[in-house]
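K.L.:
Please find the sequence and the predicted model below.
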There are 2 protein chains.
Amino acid sequence: MKIDDEIKAHFMTPQHRALVNIRYTSNYLGNLQNGFMSKFDLSMPQFNILRILRGAKGAINVNNVKDRMVEKSPNTTRLMDKLVDKNLVERWRCTEDRRVVYIQLTEEGQSLLKEIDQSIELLTITNINLSDEEAQTLSDLLDKIRIEPSSHIDL
Amino acid sequence: MKIDDEIKAHFMTPQHRALVNIRYTSNYLGNLQNGFMSKFDLSMPQFNILRILRGAKGAINVNNVKDRMVEKSPNTTRLMDKLVDKNLVERWRCTEDRRVVYIQLTEEGQSLLKEIDQSIELLTITNINLSDEEAQTLSDLLDKIRIEPSSHIDL
DNA sequence: TGTTATATTCTACCAAGGTAATTAATTCGA
DNA sequence: TCGAATTAATTACCTTGGTAGAATATAACA
């Protein structure tokens, strides 16, 4: 369904339509993702941390995880708290630089990731219904939006 | 900056890249919007409710507001609670159908909207840095994604 | 050395979003 | 007409996200 119908709106410009559409579609996709992950008692952000840790192939510090996340907030610490509670991740303080905290997947975390990988529905949350070319066009347009706030005016 | 650099990721497919990019860019735009609205002691969702009420040109019920929002959750009630607290909106129960609750902008709410309209930076949150054609292409691609979960398989 | 600046992580506090269940009112149908 | 189903709105409970600031440790430098 077109965004105009989804939220019964009349947009004055294609730019405004696109902007609302990004928010709406992101929300839609986020709900799909969380719905899928809930089968594994994880939220999507939690799953993302697990994947980042797997990609790191060993222990990395909190800041490195944060840099790889969509949201760069203190939330990373809180998400990791929950992963530690579930025994999916272990965390310890660096002895050379005592400000730094390292984290790493546990055996249990690795098994869970494997299990999730084998789920056929994983595609639902890493794939979308576009051709390669369309998907790349979409990414390029989104990258362009973020270059600078549009209509930015120095006052 | 390209999404791959923003979150230091290596995507295996353009579809996955696009998916993450939608989430990331939506987040980026949401933060811009909230930053702008905070000058008026509003959140963006609160502002959206006010705009919906203005568009309605009179009293409408809670469900009608919800239908026009990006998120269709019980959150609408809670957002309206806050607008009532700020005297920007008034709310009363329908006498014919006592299940229904009507809401409407107050004078104060209308003034605030006018004030916000006059802010030159309002464009920051209703416009994006794309041509008309690019913006429409973007919207079309996003609409297409929502048609159906990709790779949906009935098991 | 001692003082200041910076870096890393974490905590507190608040707003928002989601699911599920509840309340209250209305409608539908045997 | 009475009871079941439906509808509208709300509430409870939980997770996430954001800003600001605190705690702790390290670096930089006069």
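P.N.:
Structure received. Residues are numbered from 1 along each chain as shown, chains lettered A, B, ... in the order given.
K.L.:
A:Asp4 in helix, strand or coil?
P.N.:
Three-state call for A:Asp4 (DSSP: H, G, I helix; E, B strand; the rest coil): helix.
K.L.:
Give the other helices and strands that the lowest-mean-pLDDT helix or strand in chain A contacts.
P.N.:
Ranked by mean pLDDT, DSSP states H and E, the helix or strand of chain A with the weakest confidence is helix A:123-126, at a mean of 78. Judged by 3 or more CB pairs under 8 Å, 6 or more residues apart in numbering or on different chains; DSSP states H and E, helix A:123-126 is in contact with helix A:14-37, helix B:14-37. The way it works is simple: take the backbone N, C-alpha and C, and place the C-beta from them, glycine included.
K.L.:
got the residues of chain A near DNA strand D?
P.N.:
Neighbours of DNA strand D within chain A, by CB under 7 Å from any atom of the strand: A:43, A:45-46, A:70-75, A:78-79, A:82, A:96-99.
K.L.:
among those, which are in helices?
P.N.:
Taking DSSP state H as the definition of helices, these contribute A:45-46, A:75, A:78-79, A:82.
K.L.:
residues in contact with A:Arg68?
P.N.:
A:52, A:55, B:7-9 (CB atoms under 8 Å, 6 or more residues apart in numbering or on different chains).
K.L.:
try A:Leu88
P.N.:
A:50, A:105-106, A:108-109, A:112.
K.L.:
out of these, which is most surrounded?
P.N.:
Most neighbours among these, by other CB atoms under 10 Å in any protein chain shown: A:Leu105, with 24 neighbours.
K.L.:
Give me every residue in chain A lying close to DNA strand C.
P.N.:
So chain A meets DNA strand C at A:27, A:30-31, A:34-35, A:61-63, A:66, A:74, A:77-78, A:80-81, A:91, A:97, A:99-101 (CB under 7 Å from any atom of the strand).
K.L.:
what helices or strands is the helix or strand that contains A:Asn64 leaning on?
P.N.:
Taking DSSP states H and E as the criterion, the element that holds A:Asn64 is helix A:62-67. With contacts defined as 3+ CB pairs under 8 Å, 6+ apart, helix A:62-67 has these neighbours: helix A:44-56, helix A:75-85, strand A:101-105.
K.L.:
Phi and psi next, for the residue nearest the centre of chain A.
P.N.:
By CA atoms, centre = their mean, chain A has its centre lying nearest to A:Val70, at 5.0 Å. Per-residue torsions, A:Val70: phi -70, psi -40 (degrees, to the nearest 10).
K.L.:
And the residue of chain A closest to DNA strand D?
P.N.:
Distance from DNA strand D to each residue of chain A (CB to the nearest atom of the strand) is smallest for A:Ser43, at 2.7 Å.
K.L.:
hang on, that residue packs against A:Phe36?
P.N.:
No: using CB atoms under 8 Å, A:Ser43 is not in contact with A:Phe36, being 10.7 Å away.
K.L.:
coming back round to it: test my guess that the residue nearest to the centre of chain A contacts B:Thr25.
P.N.:
No: between A:Val70 and B:Thr25 there is no contact under CB under 8 Å: 9.6 Å.
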